[in-house]
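> Okay, here's the prediction I keep looking at, along with the sequence it came from:
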Amino acid sequence: MNRIVERVVAFFCPSLRQVRDLDVPEAKKSPVTAAAESSFAESFAAARSGSIAIITAGAIIPLVVAVGISIDYGSALRQRAQLQGAVDAAALAAGRAYQVSGSIGEATGAAANHFAKMTTAVVDPTLSRNEVDEANLGMVLEATARVPTSFLAVAGIASIDLRVFAETTLRIGGSNKDVEISLMLDTTGSMGNHGRLHALKDAASDLVRIVVPENQNGFTSRVAIAPFAHAVNVGGLYEAVTGTAPGADTCVVERAGLDAFTDAAPNGASTYFGRYSDTPLRGACGSTAEIVPLTSHRGTLISSINTLRPSGFTAGHLGTAWAWYLLSPEWAGLLPAESRPAEHSPTSVMKIAVLMTDGAYNTWYEGGNGNSNEQALALCTAMKASGITVYTVGFELTDPSAEAIMRDCASAANYAYLANDADALRQAFRDIAFKVAELRLTR
């Protein structure tokens, strides 16, 4: 500090030394008393003026130094805040890119691009560290900058160096929960129009990549798929749920009776599901893809999504029911060990159903249960009551009844999405996925 003061004195007050070193003339001695007194008064006045100048300069110099330092460091603090904001935003953007693509190159590239766009007002910014943290499914970034000084340069301090950090960590289902998600995917004939099925494949695959990381530490995330059209293809579960051996296909329809709107597993004739039968109007069910029970194998899920083919009519209540069954612990005894749903526990597992369709529900079999809309709503109500969170995604809907069932089935108004094009559909699935797989700044 003394060195700074000395330099400031030399720079701003070159004449101060003259004031400080002012010699006060001695009064000339005279036999005449009046002349002596006059000389003494003049000498005292001169001495007092010099002292005041010294005191004033001594008070001003620290004030000038403090103001100058505050100006330079204030500028540095503003630059640091901008730099920290840029590196935080870059880390989050890169983390999202890594979630969606799984590519380290895309993630680091996104960080670099975002950082460059956010630091145009920062002096000499450098992204000195840009890495993917594969263990925590996040990013580690470090940035530096050098801010030139104005006042402190007088003291030989030409610049102030800045260094900031940002780290992100992925928290799927929060910090201490497993995640189970079932996807009801519409594969009806209308999905073959205007590239809709291709858009759905992209959107559903994005969700899988985001919520099912390859590296699962501590807690697991699993996804099930329930494709539907005018029936649901249950594959190897056919005999267990119908009580008969499969014939031409393994497709089922709804069941009647007291368990029509429950998740009770079939255990006798009164709880079995109806067997699908071909008709000239509806045709065969063979093109409907099989359900996929809960799995954490990303490749299996994406492969299943990519095999979806459009065909048939819209029995939305069947897709709704099987999206529920694949999450229900009541069905654990019928499913492979690795696909068994966990018991309901809000503190340890998050269960989510995503119901997607592109049209009105127009096909049903058990008239005593109500039409497809009525059955779907009853199933949604019971599913939500069991503790499952329901998201809905309507794709290019034009029928008010279809919009209504999407709205009424969702757990909340903001859990119902209406996508009017492929980009909006993809964004809807990503938005749901990002709510489940939360990326957090941890540093």
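It's in. Residues are numbered from 1 along each chain as shown.
> Report the contact partners of the spatially closest residue to residue 357 that is not a sequence neighbour.
Of all residues not flanking residue 357 in the chain, residue 186 sits nearest, at 4.4 Å (C-beta to C-beta, 6 or more residues apart in numbering). For glycine as for every other residue, the C-beta is placed from the backbone atoms N, C-alpha and C. Counting by C-beta atoms under 8 Å, 6 or more residues apart in numbering, residue 186 touches 200, 228-229, 314, 316, 319, 356-359, 395.
> same thing with residue 161?
144-147.
> three-state assignment of it?
Put simply, residue 161 is strand when judged by DSSP: H, G, I helix; E, B strand; the rest coil.
> For it, give its distance to residue 146.
6 Å (C-beta to C-beta, to the nearest Å).
> now do residue 122
Counting by C-beta to C-beta - residue 122 and residue 146 are separated by 10 Å.
> which one of these two has more residues nearby?
residue 122 (22 against 16; other C-beta atoms under 10 Å).
> what about residue 345, which SS state?
The three-state label given to residue 345 by three-state DSSP is coil.
> Same check on residue 114?
Classification of residue 114 by three-state DSSP places it in helix.
> so it sits right up against residue 90, yeah?
Yes: with contacts counted by C-beta atoms under 8 Å, residue 114 reaches residue 90, the gap being 4.1 Å.
> which parts of stretch 274-290 are buried?
Going by neighbour count (16 or more other C-beta atoms under 10 Å), the buried part of stretch 274-290 is 274-276, 282, 285, 287-290.
> quick check: mean pLDDT across that stretch?
Average pLDDT, stretch 274-290: 79.
> Can you list the strands that the strand or helix carrying residue 350 pairs with?
Residue 350 is part of strand 349-357 when elements are defined by DSSP states H and E. Sheet pairing of strand 349-357 (DSSP bridges) gives strand 178-186 (parallel), strand 389-395 (parallel).
> got TSV for these, with distance to residue 224 and mean pLDDT too?
Below are those laid out as TSV (distance: least, C-beta to C-beta, whole Å; pLDDT from 0 to 100):
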stretch	distance to residue 224	mean pLDDT
strand 178-186	4	96
strand 389-395	14	98
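> Distance to residue 418 for those - can I get that in JSON lines?
Output for those, formatted as JSON lines (distance: least, C-beta to C-beta, whole Å):
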{"stretch": "strand 178-186", "distance to residue 418": "14"}
{"stretch": "strand 389-395", "distance to residue 418": "5"}
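> which residues are contacting stretch 126-146?
Outside stretch 126-146, the residues touching it (C-beta under 8 Å, 6+ apart) are 79-80, 83, 86-87, 90-91, 94-95, 98-99, 104, 107-108, 111-112, 115, 119, 122-125, 159-170, 213, 215, 217, 439, 442.
> switch the cut-off to 7 Å
79, 83, 87, 90-91, 94-95, 98, 104, 107-108, 111-112, 115, 122-125, 159, 161-170, 213, 215, 217, 439 (C-beta atoms under 7 Å, 6 or more residues apart in numbering).
> Alpha carbons only: can I get that stretch in CSV?
C-alpha atoms of stretch 126-146 as CSV (Å, rounded to 0.1, in the frame of the first residue of the first chain):
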residue,chain,number,x,y,z
THR,A,126,-10.5,-18.4,-22.5
LEU,A,127,-12.2,-21.7,-21.9
SER,A,128,-9.3,-23.4,-20.3
ARG,A,129,-11.0,-26.7,-19.3
ASN,A,130,-13.8,-28.3,-21.2
GLU,A,131,-14.4,-32.0,-20.2
VAL,A,132,-17.2,-34.5,-19.9
ASP,A,133,-17.5,-36.1,-16.5
GLU,A,134,-18.6,-39.5,-17.5
ALA,A,135,-18.9,-40.8,-13.9
ASN,A,136,-21.5,-38.1,-13.0
LEU,A,137,-22.9,-37.7,-16.5
GLY,A,138,-22.1,-34.0,-16.4
MET,A,139,-19.5,-31.4,-17.5
VAL,A,140,-16.5,-29.8,-15.9
LEU,A,141,-15.6,-26.3,-17.2
GLU,A,142,-13.0,-23.7,-16.2
ALA,A,143,-12.6,-20.3,-17.8
THR,A,144,-10.1,-17.4,-17.4
ALA,A,145,-9.9,-13.7,-18.3
ARG,A,146,-7.5,-10.8,-17.9
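> so what's residue 353 up against?
Contact analysis of residue 353 by C-beta under 7 Å, 6+ apart lists 182, 184, 323-324, 327, 383, 388, 390.
> doesn't residue 147 make contact with residue 75?
Yes: here residue 75 reaches residue 147: they are 6.3 Å apart, a contact under C-beta atoms under 7 Å.
> Which residue of the two possesses the greater neighbour count?
Higher neighbour count among residue 75 and residue 147: residue 147, with 20 against 16, using other C-beta under 10 Å.
> so what's that one bridging to?
Note on residue 147: beta-bridge partners residue 160, judged by DSSP bridges.
> picking up where we left off before, if you count what's nearby, which of residue 114 and residue 90 comes out ahead?
residue 90 (27 against 21).
> In which helix or strand does the more buried one reside?
When elements are assigned from DSSP H and E, residue 90 belongs to helix 33-101.
> that older thread, just the closest of the buried residues of stretch 274-290 to residue 234, please.
Of all the buried residues of stretch 274-290, residue 234 sits closest to residue 290, with 7.2 Å by C-beta to C-beta.
> Would you agree that closest one is in contact with residue 237?
No: if you go by C-beta under 7 Å, residue 290 and residue 237 don't touch, sitting 9.2 Å apart.
> what helices or strands is the helix or strand containing residue 205 leaning on?
Using DSSP H and E, the element containing residue 205 is helix 196-211. With contacts defined as 3 or more C-beta pairs under 7 Å, 6 or more residues apart in numbering; DSSP states H and E, helix 196-211 has these neighbours: helix 33-101, strand 178-186, strand 221-228, helix 298-306, helix 422-436.
> how far away is residue 344 from residue 412?
From residue 344 across to residue 412, the span is 19 Å (C-beta to C-beta).
> So for these two, which residue has more residues nearby?
In terms of neighbours (other C-beta under 10 Å), residue 344 is the more surrounded of residue 344 and residue 412; the figures are 14 against 9.
> Now the more buried one. Its backbone dihedrals?
phi -60, psi 130 (degrees, to the nearest 10).
> So for it, what's the pLDDT?
Confidence at residue 344, expressed as pLDDT, is 95.
> excluding its backbone neighbours, what's nearest it?
Excluding the flanking residues, the one nearest residue 344 by C-beta to C-beta, 6+ apart is residue 387, at 4.7 Å.
> in what helix or strand does that neighbour lie?
Under DSSP H and E, no helix or strand contains residue 387.
> Residue 157 - how many residues pack around it?
Using other C-beta under 10 Å, the number of residues around residue 157 comes to 13.
> For the protein, give me the ranges with low pLDDT.
Counting by pLDDT under 70, the chain shows low-confidence ranges at 1-65, 68, 173-175, 217-218, 280, 286-287.
> One more pass at 50, please.
5, 8-9, 11-30, 32, 36, 40, 44-45 (pLDDT under 50).
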